[in-house]
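*Asks:* Whatever this is, show me its structure:
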Amino acid sequence: MTINKKWQNYAFIFIIIAPIQYIILSSIAMIFYSGGTLNNHLSLGYNFWNNFFSDLGRFIALSGQPNYISFTIFTISALIMSISLIPFIISLYKLFQDKNKENNYIIFGSIFGLCAAFFLILTVLTPWDLFLGIHLVFSNLFNFCGAIAAFFYFMGIIINKKYSNIYGLLFLLLLILAFTYIFLSLITSEFFNEDKILIQASYQKISQYTFLLCYCVQGFGAIEYKLKI
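*Replies:* Numbering: from 1, shown residues only. As a prediction, the model looks like this:
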């Protein structure tokens with residue numbers, strides 16, 4: 001086995017572990033969150049359905065209290081998750097280098113995937129209590145690039161006879177969730193602020209945990225496919 005192939009294996013293992021550590025550490029960060037939601041700055045602790053993940057990465061919580069422990073735990077775990085996407089995307093591309101038709105889709109998927117990873121890292125590094133506008137721009141760019149990457153990965157995997165369709169369908173699910181987010185943003189624009197935040201924060205949990213599950217499973221899919229070729 002060459003060093004390059006070993007590096008690919010490590011990348012696939014990394015993308016399996018990274019989402020798991022993020023789920024565990026972000027849950028711990030929720031315990032240490034200093035309180036407050038956009039609707040109620042006096043609420044205690046982290047409200048799973050009314051707080052956003054970005055609240056965990058604030059220097060100062062919405063309650064006005066320092067949020068350093070939650071910020072540190074969340075930022076480290078989110079950066080690990082974000083960075084793990086880069087070697088995975090590069091390694092996944094290398095698996096398809098000799099497949100002409102599939103490779104065209106995977107190339108575009110990889111380009112947009114790397115852009116999504118880059119914007120996700122920037123989102124994590126710009127806490128929204130300090131960089132609100134920039135944070136939202138990076139977050140939206142991450143979602144946009146991630147959705148396009150998911151489409152191309154879906155196309156590239158689904159036409160490959162050796163790669164199980166289930167992994168392509170998981171990328172399709174991410175694409176559907178991205179469009180659903182846009183739809184929800186439009187229909188909730190006229191809602192009362194309290195209802196809007198409840199819907200958006202709740203949906204963020206659903207989409208984010210699906211995203212984590214998808215990429216964790218994709219690591220297994222890449223290893224499975226690598227053994228077939």
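*Asks:* The worst-scoring helix or strand of the chain on mean pLDDT packs against which elements?
*Replies:* Among the helices and strands of the chain, helix 165-187 carries the lowest confidence by mean pLDDT, DSSP states H and E, at a mean of 88. Packing contacts for helix 165-187, counted by 3 or more CB pairs under 8 Å, 6 or more residues apart in numbering; DSSP states H and E, involve helix 132-158, helix 193-228. Yep, even glycine has a C-beta here, placed from its N, CA and C like the rest.
*Asks:* Looking at the ones you listed, which is nearest to Met30?
*Replies:* Taking CB to CB, helix 193-228 is the member of the helices and strands packed on helix 165-187 nearest to Met30, at 11.0 Å.
*Asks:* buried ones in the least confident helix or strand of the chain?
*Replies:* Tyr167, Gly168, Leu170, Phe171, Leu172, Leu173, Leu174, Leu175, Leu177, Ala178, Tyr181, Leu184 (16 or more other CB atoms under 10 Å).
*Asks:* Those residues into a markdown table, with extra columns for distance to Ala29?
*Replies:* Rendered in a markdown table, the data for these read as follows (distance: CB to CB, whole Å):
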| residue | distance to Ala29 |
| --- | --- |
| Tyr167 | 30 |
| Gly168 | 33 |
| Leu170 | 26 |
| Phe171 | 28 |
| Leu172 | 31 |
| Leu173 | 26 |
| Leu174 | 24 |
| Leu175 | 28 |
| Leu177 | 23 |
| Ala178 | 25 |
| Tyr181 | 23 |
| Leu184 | 25 |
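*Asks:* just these now: which is nearest His41?
*Replies:* With CB to CB as the yardstick, the closest approach to His41 among the buried residues of helix 165-187 comes from Leu184, at 24.5 Å.
*Asks:* got the contact list for the closest one?
*Replies:* By CB atoms under 8 Å, 6 or more residues apart in numbering, the residues touching Leu184 are Ile199, Gln200, Tyr203.
*Asks:* And it, how close does it get to Phe118?
*Replies:* Plainly put, Leu184 is 25 Å away from Phe118 if you go by CB to CB, to the nearest Å.
*Asks:* one step back: chain center to the least confident helix or strand of the chain, what's the gap?
*Replies:* Here helix 165-187 shows a centroid-to-chain-centroid distance of 13 Å under the convention CA atoms, centre = their mean, to the nearest Å.
*Asks:* confidence score at Gly133?
*Replies:* What the model reports as pLDDT for Gly133 is 89.
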